[in-house]
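Chemist: pasting the sequence and the predicted coordinates here, then a few questions.
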Amino acid sequence: MLRTCGVAITVFGCGWVLMGLEILGGRMLSPDFGSGVWVWGSVISIFLAALSTGYFFGGLLSKRFPQGFGLALVIVMAAISIIPLAIWHRATSGWFADLNLHERWGSLFAAMTLFFVPSMLLGIVSPYAVRLVTADVASVGTKAGTLYAISTAGSFFGCLLTSFYFILWMGIKLILFLSAGALLLIALLLLATWYTKGFNKQEVVTHET
Amino acid sequence: MKRRFLIMAIFGISVGAVCQSSPVEVKQEWPMTEQTDYSDYESKVLLEKESLYHYIRVLQEDGRRRLQFRRSGNDYEESVINIHQPLKFEMYYYSLMLAGFAHKPDPKRILFIGLGGGTISMAIHHYFPKVQIDNVELDPDVVEVAKKYFGFREDDNMKVYVRDGRVQVRRLLRRKMKYDIIFVDAFRGGYIPYHLTTKEFMEGLRAILTLDGIVVSNLRPGFESYHYHRRTFNAVFRNQYSYGSGSNVIVIVDAREKPIPQKEILAAARRLQKEKQFTTDLPTIIEECGTQNDYVRKGPILTDDYAPTDVLRSIRRE
């Protein structure tokens, strides 16, 4: 039970950070590429491409290392990948703007460089999490459904609160650092719940599903 | 020396005419390209269109044509033109914007960010036919509307870049272009997009200004955001002047060593008024509408990282 709770909190937090990042994405690019449809189109497309990649590798990784540690490591990497984004996003998007491409392609390439890695790493989380809480085939649908619901609820809050309040309270850089910090905390929490002995007796991770 | 070809279709009859443009003549106006055959006093929607960025409406009533962008159920007036006398400004702030010329009476290149109906741009083109005017407009449909309903047209000295204002400033900077006057009048249904309000944007503007160039910006007072805008200008430019106190305040900034003495501005206004015969009296605007210190000087400014304009523009502050 404790493990399931830990994983649930993990997917909620990661969903939150992912959508928060996407909202910030448009905001980060608009100084160089404007606030037109291309910027939003680029950001959303890149996030979807990254998620697609992340889901795929998440599935593979969960088969190889079906342990809390593996997922925690992915989340720590995601946290680390946000730090350079916070520090160098202005310089990076400025560099792309100076290439003198059409704004469409400029914003797409900038979005890819800036957001692909963190959002791909966060995309790994969902399928990985499903694997971690699943003990048998019969419950796979229920577990996956519940986790997706929780993860998407996290995304909902991340999206809403970031766009409605956080941008207006804190500024982009601070939100990014806080997101990285939050991911690190989530990884720690996951490890703590996963490796706490005594509460996890019933939940044996089986290697066959 | 320019020849103007204008085709007017009034009551269904096409009348072709060619006229010579002369800069001093007051009655000289630019032709409306779209003429309609109903009475002046009827109010009629000429166009309603959802563009990439706006819900655009063009209305005509009382001999005036209006360009409106709708947002949150309100139609925000972006441009109004008197179709019989385009130089007779129907929005008061157009006249206030002319104050820029009292600060910089001899411009060679002008940048205009936020075309709208192009009314001010065309008026400037009329009064200063030799000045190169570059316009920047985000929405291609707005450019179409300006051409079709507001008589806007391009020629050797009048260009339009269909691009985001900030992106275009960056490009001009790279091409090492310099402007004597930059007008910033980019609104999206009642508000200025945040990336056109920040310190970084202002620095971009300063970098494409000539040494004694000025930025003329249209701001809406009465909201918390106004004070942030003014402070942000203050952080980048040395001198600030403002005109008007109603729903629009025109802020003029420059980076000169010392502010221009009021006397000189007024003298330039008088000289220009005599030469150009503006439909509004420029010296009166300079004398009576100046409002130097009408903002709260202490407080945060807007940056690319932190620009909560969406909230600030909804906080009333008188």
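Modeler: On my side now, so go ahead. Quantities reported herein were computed from a predicted structural model and do not represent experimental measurements.

Chemist: residue in chain B nearest to chain A?
Modeler: With C-beta to the nearest C-beta as the measure, B:Asp164 is the residue of chain B nearest to chain A, at 2.7 Å. Glycine gets a C-beta too; all of them are placed from N, C-alpha and C.

Chemist: who are the packing partners of the longest strand along chain B?
Modeler: Longest strand of chain B, by residue count under DSSP state E: strand B:209-219. If you count contacts as 3 or more C-beta pairs under 8 Å, 6 or more residues apart in numbering or on different chains; DSSP states H and E, strand B:209-219 packs onto helix B:92-97, helix B:99-103, strand B:179-184, helix B:199-207, helix B:224-236, strand B:249-254.

Chemist: can we see that at 10 Å?
Modeler: Contact partners of strand B:209-219 among helices and strands, from 3 or more C-beta pairs under 10 Å, 6 or more residues apart in numbering or on different chains; DSSP states H and E: helix B:92-97, helix B:99-103, strand B:109-113, strand B:179-184, helix B:199-207, helix B:224-236, strand B:239-243, strand B:249-254.

Chemist: relative to strand B:249-254, how tilted is it?
Modeler: 170 degrees (axes from the mean of the first three to the mean of the last three C-alpha atoms, to 10 degrees).

Chemist: am I right that B:Val136 is in a strand?
Modeler: Yes - counting by DSSP: H, G, I helix; E, B strand; the rest coil, B:Val136 is part of a strand.

Chemist: which residues touch it?
Modeler: With contacts defined as C-beta atoms under 10 Å, 6 or more residues apart in numbering or on different chains, B:Val136 is in contact with B:111-115, B:159-169, B:171-172, B:182, B:184, B:186.

Chemist: can you rerun that using 7 Å?
Modeler: Going by C-beta atoms under 7 Å, 6 or more residues apart in numbering or on different chains, B:Val136 touches B:112-113, B:161, B:163, B:165, B:168.

Chemist: buried ones among those residues?
Modeler: Among the contacts of B:Val136, those that count as buried by neighbour count (16 or more other C-beta atoms under 10 Å in any protein chain shown) are B:112-113, B:161, B:163, B:165, B:168.

Chemist: remind me which helix or strand A:Leu121 belongs to.
Modeler: helix A:103-133 (DSSP states H and E).

Chemist: following that helix, which helix or strand shows up next?
Modeler: Next along from helix A:103-133, by DSSP H and E: helix A:140-161.

Chemist: the next helix or strand after that following helix and chain B, are they touching?
Modeler: Next in sequence after helix A:140-161, counting helices and strands by DSSP H and E, comes helix A:167-169. Yes - using C-beta under 7 Å from any C-beta of the partner chain, helix A:167-169 comes into contact with chain B via A:167-168.

Chemist: go through helix A:167-169 and flag the buried ones.
Modeler: Buried residues in helix A:167-169 (16+ other C-beta under 10 Å): A:167-168.

Chemist: off-centre distance for it?
Modeler: 21 Å (C-alpha atoms, centre = their mean, to the nearest Å).

Chemist: show the average pLDDT along that helix.
Modeler: Throughout helix A:167-169, pLDDT has a mean value of 84.

Chemist: name the helices or strands packed onto that helix?
Modeler: Counting contacts by 3 or more C-beta pairs under 7 Å, 6 or more residues apart in numbering or on different chains; DSSP states H and E, helix A:167-169 packs against no other helix or strand.

Chemist: now do whatever helix or strand comes next after it and helix A:140-161, the angle between them.
Modeler: Using DSSP H and E, the helix or strand that follows helix A:167-169 in sequence is helix A:172-195. For helix A:172-195 against helix A:140-161, the angle by the same axes, to 10 degrees is 150 degrees.

Chemist: report all helices and strands that the helix holding A:Leu121 contacts.
Modeler: helix A:2-33, helix A:37-64, helix A:68-98, helix A:140-161.

Chemist: in the stretch 51-200 of chain B, which spans are helices?
Modeler: Taking DSSP state H, counting those that start in this stretch, the helices of the stretch 51-200 of chain B run over residues B:92-97, B:99-103, B:119-127, B:140-149, B:165-174, B:199-207.

Chemist: how about those in TSV, adding mean pLDDT?
Modeler: What follows is the helices of the stretch 51-200 of chain B, written out as TSV (pLDDT from 0 to 100):
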stretch	mean pLDDT
helix B:92-97	88
helix B:99-103	94
helix B:119-127	93
helix B:140-149	92
helix B:165-174	91
helix B:199-207	95
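
Chemist: what's the closest of those helices to A:Pro127?
Modeler: With C-beta to C-beta as the measure, helix B:165-174 is the member of the helices of the stretch 51-200 of chain B nearest A:Pro127 (38.5 Å).

Chemist: quick check, the residue in chain A closest to chain B?
Modeler: A:Gly34 (2.7 Å).

Chemist: got phi/psi on that residue?
Modeler: phi 80, psi 180 (degrees, to the nearest 10).

Chemist: for the residue lying closest to it once chain neighbours are set aside, which residues are in contact?
Modeler: Nearest non-adjacent residue to A:Gly34, counting by C-beta to C-beta, 6 or more residues apart in numbering or on different chains: B:Asp164, 2.7 Å away. The neighbours of B:Asp164, taking C-beta under 7 Å, 6+ apart as the test, are A:34, A:36, B:138.

Chemist: off-centre distance for whichever helix in chain B runs longest?
Modeler: When chain B is parsed with DSSP state H, its longest helix is helix B:262-276. On the basis of C-alpha atoms, centre = their mean, helix B:262-276 sits 20 Å off its chain's mean C-alpha point.

Chemist: with stretch B:129-136 instead?
Modeler: Using C-alpha atoms, centre = their mean, the offset of stretch B:129-136 from its chain centre is 12 Å.

Chemist: report the rounded mean pLDDT for that stretch.
Modeler: For stretch B:129-136, the mean per-residue pLDDT is 96.

Chemist: and it, what's buried?
Modeler: Judged by neighbour count (16+ other C-beta under 10 Å), stretch B:129-136 contains these buried residues: B:129, B:131-136.

Chemist: pLDDT weak spots in chain A?
Modeler: Along chain A, segments meeting pLDDT under 70 span A:198-209.

Chemist: how about the residues of it that lie near chain B?
Modeler: Residues of chain A lying near chain B (C-beta under 7 Å from any C-beta): A:30-37, A:90, A:97-98, A:103, A:167-168, A:171-173.

Chemist: repeat the analysis, applying 6 Å as the threshold.
Modeler: Counting by C-beta under 6 Å from any C-beta of the partner chain, the residues of chain A close to chain B are A:30-31, A:34-37, A:97, A:103, A:168, A:171-173.

Chemist: please check those and keep the buried ones.
Modeler: A:30-31, A:34-36, A:97, A:103, A:168, A:171-173.

Chemist: apart from its neighbours in sequence, what residue is nearest B:Ile120?
Modeler: B:Tyr94 (5.3 Å).

Chemist: over to A:Val37?
Modeler: A:Val37's closest residue in space is B:Leu52 (C-beta to C-beta, 6+ apart), at 5.7 Å.

Chemist: what's the spacing between that neighbour and B:Val143?
Modeler: Remark: distance between B:Leu52 and B:Val143 (C-beta to C-beta, to the nearest Å) = 12 Å.

Chemist: ok, those two, which is more surrounded?
Modeler: It is B:Val143, of B:Leu52 and B:Val143, that has more neighbours when counted by other C-beta atoms under 10 Å in any protein chain shown, with 20 against 12.

Chemist: so which bits of chain B are right by chain A?
Modeler: Taking C-beta under 6 Å from any C-beta, the part of chain B that reaches chain A is made up of B:52, B:164, B:167, B:170, B:193, B:195, B:304-306, B:308, B:311.
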